[in-house]
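Asker: Pasting the sequence and the predicted coordinates here, then a few questions.
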Amino acid sequence: MSDTRANKRFRSQEWFDNPNNPGMTALYLERYQNQEFTREELQSEKPVIGIAQTGSDLAPCNKIHVFLMDRIKAGIREAGGIPMEFPVHPIQETGKRPTAALDRNLQYLSLVEVLHGYPIDGVVLTTGCDKTTPAMLMGAATVDLPAIALNGGPMLDGWWKGKRAGSGAIVWESRRLLAAGEIDYDEFMSRVCSSAPSLGHCNTMGTASTMNAMAEALGMSLTGNSAIPAPFRERMAMAYETGKRIVGMVYDDLKPSDIMTRAAFENAIVVNAAIGGSTNAPPHLQAVARHIGVDLHVTDWEKHGFDVPLMVNMQPAGEYLGESFFRAGGVPAVMGELRKAGRIHDDAMTATGKTMGDNLSGWESQDTDVITTYDAPMRQNAGFKVLSGNLFDSALMKTSVISDDFRQRFLSKAGNEGVHEARAIVFEGPEDYHDRLNDPALEIDENCILFIRNVGCVGYPGSAEVVNMQPPDALIKQGINHLPTVGDGRQSGTSESPSILNASPEALVGGGLAYLQTGDTVRLNLNDSTMNALVPEEEWQARVDAWEAPDIVSQTPWQEIYRTHVGQLAEGGCLELATAYQKIRHTLPRD
Ligand code: FES
Ligand code: MG
């Protein structure tokens with residue numbers, strides 16, 4: 001062991017080698033010895049490295065980590081650490097009702113409690129499925145122990161009848177075909193299942209690939225971590241290298257607060273636009289920023305990200321899937337191209353122990369059909385618009401997925417580019433939407449905007465991915481595949497719907513959407529980023545005065561706890577009281 005490693009006293013020694021409290025020390029030693037660890041190593045100068053296991057039978061998107069564990073542990077051992085795997089609360093996006101988003105803060109809490117309450121000096125965060133990545137970063141932020149993210153990686157590309165079948169994307173396509181009567185129930189199932197050919201998370205640039213790209217752009221993983229498909233040999237090598245690296249981070253005391261600075265978040269915002277990333281990224285990164293104590297605001301997404309071009313040709317904004325993205329260079333290639341254009345803060349520190357600029361040196365696109373250069377992108381101005389008005393203080397619009405057809409139909413009527421006025425159709429939640437969408441009495445035509453409310457953090461609870469509503473069957477049969485949609489919930493990162501979502505504050509806590517009525521005229525103006533109900537001031541005020549919050553019924557204790565403490569999506573949907581707990585590794589728990 002090198003000299004710089006000598007005489008370190010790690011936090012775990014407070015458990016395993018504390019002459020001031022022999023009674024407790026013996027109890028810690030005897031029980032950890034009875035599995036595989038010896039007294040000698042537990043009392044040595046080796047750091048204990050926790051491995052937060054997010055994979056399980058209930059969480060198939062992250063199950064690859066069960067098989068990567070040997071390689072992670074081998075890396076930790078190789079570098080002189082003691083690996084200890086532990087489970088955290090599972091989150092499976094496509095398994096958990098009423099929504100996986102409800103559990104992000106629960107997984108966060110469970111990680112914080114483990115990292116604080118056990119003899120752990122550093123941690124490998126196993127990430128993958130949508131909410132697991134932000135939950136892990138949020139927990140690491142609160143505790144501020146050295147931490148490194150290891151993605152499980154996307155699935156192999158899915159194929160259906162000779163065409164790429166992308167996670168989620170094929171669901172949205174198939175449900176339109178089903179509505180139009182072009183396929184039946186069985187073909188629907190077969191089409192969708194073809195998109196998931198192996199272990200791994202969604203193979204589109206949905207929320208999982210986005211959030212892992214964000215972890216990498218923030219500097220919280222090794223270079224190239226996020227895009228390696230789950231079954232590839234490079235994924236096993238990355239697991240080993242990540243295990244090795246975290247030990248060095250502990251010796252160097254390289255902490256999340258050294259890495260996740262304001263510059264790192266600005267890098268992540270720029271990368272999100274360039275990859276055509278998910279609208280779930282803003283609330284998740286906002287939550288991470290709040291737990292690490294970095295000042296970030298929802299408007300930063302338009303300010304730093306809107307003018308960034310779309311450079312990744314991957315579904316839902318493009319054509320390819322995860323395998324092609326990896327072969328074209330993945331996130332470091334995108335960042336390398338952005339860096340050449342001066343869009344990356346080079347000096348941001350990263351988990352490698354080097355700056356982002358050093359990490360990216362020499363990286364560029366290996367296939368410009370999949371990852372473009374900055375100057376010849378797929379589309380200019382691909383970041384989010386952040387809208388406001390009398391319906392909400394803020395809501396996001398992902399412009400990179402707006403099709404030319406949609407632009408022409410809704411946003412560029414003669415002489416009125418970017419402004420759209422339409423009749424509001426208001427649904428009270430997904431059940432109401434499904435019940436009434438095809439009701440002829442609503443007279444939904446192409447001059448309507450569909451609204452959905454009471455599906456935010458408090459309302460749903462957890463904020464549901466339901467804003468990407470499809471038009472009534474009759475309109476789809478006429479070839480109108482999208483209407484503008486607006487809501488206080490979220491939508492899947494795999495959706496190509498040009499929705500206006502994450503509206504904050506949500507209707508259930510009295511946000512403006514609560515007072516909208518079916519039949520109102522609403523104006524969307526993308527030139528000044530506003531959306532307003534054109535209702536006379538007096539009448540609007542009368543509706544506000546008459547409003548009573550709808551009853552909500554929680555079905556589990558956690559739902560009630562969550563609803564009591566959660567904030568709005570624009571503020572990250574955090575447990576508000578949790579944001580007061582920062583860098584808690586400095587407070588040792590009582591013995
Ligand atoms: Fe888990 Fe998409 S459902 S990553
Ligand atoms: Mg989702």
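Answerer: All right, it came through fine. Numbering: from 1, shown residues only. Ligands and ions are numbered 1, 2, ... in the order given.

Asker: The one residue in the chain that gets nearest to ligand 2 - nearest residue in space that isn't next to it in sequence?
Answerer: Closest to ligand 2 within the chain is S492: 4.1 Å, counting by C-beta to the ion. Just so you know, the C-beta spots here come from the backbone N, C-alpha and C atoms, and that holds for glycine as well. Spatial nearest neighbour of S492, chain neighbours left out: E465 (4.8 Å); criterion: C-beta to C-beta, 6 or more residues apart in numbering.

Asker: neighbours of that neighbour, just the number please.
Answerer: Using other C-beta atoms under 10 Å, E465 has 26 other residues around it.

Asker: returning to what we had before: wait, the residue of the chain closest to ligand 2 sits on V467?
Answerer: No: applying C-beta atoms under 8 Å as the test, S492 and V467 come out as separate, 9.4 Å apart.

Asker: picking that back up, the residue nearest to S492 contacts P98, doesn't it?
Answerer: No: with contact defined as C-beta under 8 Å, E465 does not reach P98; the gap is 10.8 Å.

Asker: Report the contact partners of the residue nearest to S492.
Answerer: Taking C-beta atoms under 8 Å, 6 or more residues apart in numbering, we find E465 in contact with 99, 101, 489-492.

Asker: could you redo the last one with a cut-off of 10 Å?
Answerer: The neighbours of E465, taking C-beta atoms under 10 Å, 6 or more residues apart in numbering as the test, are 93, 99-101, 130, 168, 207, 279-280, 430, 455, 489-495, 501.

Asker: Tell me how far L442 lies from ligand 1.
Answerer: The gap separating L442 from ligand 1 is 32 Å, by C-beta to the nearest ligand atom, to the nearest Å.

Asker: Looking at that residue now. What's its pLDDT?
Answerer: The confidence metric pLDDT takes the value 97 at L442.

Asker: you'd agree it is up against D435?
Answerer: No: using C-beta atoms under 10 Å, L442 makes no contact with D435, being 11.1 Å away.

Asker: Looking at those two, which is more packed in?
Answerer: Remark: of L442 and D435, L442 carries more neighbours, 18 against 12, as counted by other C-beta under 10 Å.

Asker: Now the common contact residues for E465 and P98.
Answerer: 430, 455.

Asker: and the closest residue to V401 other than its chain neighbours, how many residues sit next to it?
Answerer: Sequence neighbours aside, E496 is the residue nearest to V401 in space, at 4.5 Å (criterion: C-beta to C-beta, 6+ apart). The number of residues packed near E496 is 26, by other C-beta under 10 Å.

Asker: Wait, a strand at E496?
Answerer: No: looking at E496 with DSSP: H, G, I helix; E, B strand; the rest coil, it is coil, so not inside a strand.

Asker: Quick one: name the residues of this protein near ligand 2.
Answerer: Counting by C-beta under 5 Å from the ion, the chain comes close to ligand 2 at 93, 465, 492.

Asker: Where does the first one sit: helix, strand or coil?
Answerer: When classified by three-state DSSP, E93 comes out as coil.

Asker: can you tell me which residues contact it?
Answerer: Contact analysis of E93 by C-beta under 10 Å, 6+ apart lists 59, 61, 99-101, 103, 128-132, 167-168, 201-202, 206-208, 465, 492-493.
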